[in-house]
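A.B. asks: curious how this folds, go ahead:
(one chain, ligands or ions: 2)
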Amino acid sequence: MSSNILQLGDGHAHGVDSEDHSLSVERLSMAFPHEGRLLVALEGVSLEVEQGELVCIVGASGSGKSTLLNILAGLDEPTSGRGHVHGRVALMFQEAALLPWLTAAGNVELALELRGVKRSERRDVARELLNRVHLNGFEKRLPHELSGGMKQRVALARALAQDADVLLMDEPFGALDAITRDRLHEELERIWTETGLTILFVTHNAREAVRLGDRVLVFTSRPGRVGHEVKVNLPRPRSLDSPELAVIAGRITDRLKHEMGV
Ligand code: ADP
Ligand code: MG
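C.D. replies: Ligands and ions are numbered 1, 2, ... in the order given. You can find the predicted model right below:
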């Protein structure tokens, strides 16, 4: 991994600037070589997320959402412009990506170990984190003994174990059934309220974005850019099925369809 400002885990900005945004992206572009040409995945993306905010990005498949999160997580370098995260960052994907030979608790303990938590404390802290995502009693299960929703709960506990300031979530509930996803929305919202985490949540589902976000950034397609921003003023917790939510999500979906030329 390259030496990237994003990997500084000290919770402080690294000299360059001291704005109070938890996360900022400035005129960021990313192009990939593709069949002898350049494929421009992102072009001139600018956005800011305040500390403690939960912001959703919604965009069609291929609009560069994952590319942006990977850059913010320090896994990739942009072609131009920059992304900056203030403090420690954790990333969560659609697949829980748990180590199959470790138990639920073992997966969380490993994240604690990597963070330097003492061996004598790891078991208790892991148990507490698994409690927090309502997995008490499942500590000793192996990943293949857990449902998809439970695996994502472990992944969330593992992300919390990293004691991050900013949580980047890349369609984390995309593969779950509607009821499980509904529960995880509640859990995530509760944890977000309790911890004051800053969350950037990516989805292609407009309803999910409106369910969770303080704001929703609607991405354009090819290249990806923030085309539109929607502030969601509905009270929390929101119901995915509420008519008010459906109206806002409907407008976002219309924009996405327009982007896709449908
Ligand atoms: P999304 O997450 O919104 O579906 P991605 O960020 O995965 O979109 O991809 C955006 C575009 O960039 C796509 O056209 C994809 O094929 C391309 N792309 C992503 N990663 C790479 C890569 N490592 N090499 C080449 N092309 C890539
Ligand atoms: Mg993606």
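A.B. asks: contacts and neighbour counts: CA atoms only from here.
C.D. replies: Noted.
A.B. asks: check contacts around the residue lying closest to residue 27 once chain neighbours are set aside.
C.D. replies: Using CA to CA, 6 or more residues apart in numbering and skipping the chain neighbours, the partner closest in space to residue 27 is residue 44 (4.1 Å). Contact partners of residue 44, counting by CA atoms under 8 Å, 6 or more residues apart in numbering, are 26-29, 81, 225.
A.B. asks: return the members of the residues you listed classed as buried.
C.D. replies: 28-29, 81, 225 (16 or more other CA atoms under 10 Å).
A.B. asks: name the element the residue nearest to residue 27 belongs to?
C.D. replies: Assigned by DSSP states H and E, residue 44 belongs to strand 37-50.
A.B. asks: CA atoms of that strand as CSV?
C.D. replies: Extracted in CSV, the C-alpha atoms of strand 37-50 (Å, rounded to 0.1, in the frame of the first residue of the first chain):
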residue,chain,number,x,y,z
ARG,A,37,-7.8,3.9,-24.3
LEU,A,38,-8.6,5.6,-21.0
LEU,A,39,-11.9,4.9,-19.3
VAL,A,40,-12.8,7.9,-17.2
ALA,A,41,-14.6,6.5,-14.1
LEU,A,42,-14.7,9.7,-12.1
GLU,A,43,-14.4,13.2,-13.3
GLY,A,44,-14.2,16.3,-11.1
VAL,A,45,-15.9,14.8,-8.0
SER,A,46,-16.1,17.3,-5.2
LEU,A,47,-18.0,16.7,-2.0
GLU,A,48,-17.7,17.2,1.8
VAL,A,49,-19.0,15.3,4.7
GLU,A,50,-19.2,16.9,8.2
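A.B. asks: the most centrally placed residue in the chain and residue 81, how far apart?
C.D. replies: Nearest residue to the geometric centre of the chain (CA atoms, centre = their mean): residue 169, 1.5 Å. Counting by CA to CA, to the nearest Å, the separation of residue 169 from residue 81 is 22 Å.
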